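Visitor: just need the structure, nothing else, for what follows:
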Amino acid sequence: MDERRQARLEARAKIIKAMAHSTRLLIVEELAKSEHCVCELTEMIGADVSTVSKHLTVLKNVGIVCSEKRGNQVYYQLRTPCILNFFGCVESVLEATAKEQALLCLPER
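Guide: Down below sits the predicted model:
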């Protein structure tokens, strides 16, 4: 594999790894609705500010969210709404798996 392709695959993996946490998925879902400050996200998630800030940093470092400081507050927005398409794909996989499992569990006739 050439270096360029390897670098591209590694970049994709970083984005997918950043999404691989339920709290970060919740943050993305909430930011898809509207921008939020850290204090609002902290309240929604039920975690301390430090933990929420770390999750936001992970998402920001891969380019999924962006931030803007306003006075004493930092507001976060979803930078790439297309990430929600990924959620739709994940839901399709979950539905297909559930259907498959249901078929496997049907009693024989």
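Visitor: other residues contacting the lowest-mean-pLDDT helix or strand in the chain?
Guide: The weakest-scoring helix or strand in the chain, judged by mean pLDDT, DSSP states H and E, is helix 83-104 (a mean of 86). Applying C-beta atoms under 8 Å, 6 or more residues apart in numbering, the external contacts of helix 83-104 come out as 19, 25, 28-29, 32, 64. Every C-beta, even on glycine, is put in place using the N, C-alpha and C of the backbone.
Visitor: buried set for that helix?
Guide: Across helix 83-104, burial judged by 16 or more other C-beta atoms under 10 Å covers Ile83.
Visitor: with just CA atoms, put that helix into CSV.
Guide: C-alpha atoms of helix 83-104 as CSV (Å, rounded to 0.1, in the frame of the first residue of the first chain):
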residue,chain,number,x,y,z
ILE,A,83,-21.2,13.0,10.3
LEU,A,84,-24.9,12.4,11.0
ASN,A,85,-25.0,10.3,7.7
PHE,A,86,-22.6,7.9,9.5
PHE,A,87,-25.2,7.6,12.3
GLY,A,88,-27.8,6.6,9.7
CYS,A,89,-25.5,4.0,8.4
VAL,A,90,-24.9,2.6,11.9
GLU,A,91,-28.6,2.5,12.5
SER,A,92,-29.0,0.5,9.3
VAL,A,93,-26.4,-2.0,10.5
LEU,A,94,-28.2,-2.3,13.9
GLU,A,95,-31.6,-2.9,12.2
ALA,A,96,-30.2,-5.5,9.8
THR,A,97,-28.5,-7.3,12.7
ALA,A,98,-31.7,-7.3,14.7
LYS,A,99,-33.7,-8.7,11.8
GLU,A,100,-31.1,-11.4,11.3
GLN,A,101,-31.1,-12.3,14.9
ALA,A,102,-34.9,-12.4,15.0
LEU,A,103,-34.9,-14.8,12.0
LEU,A,104,-32.3,-17.1,13.6
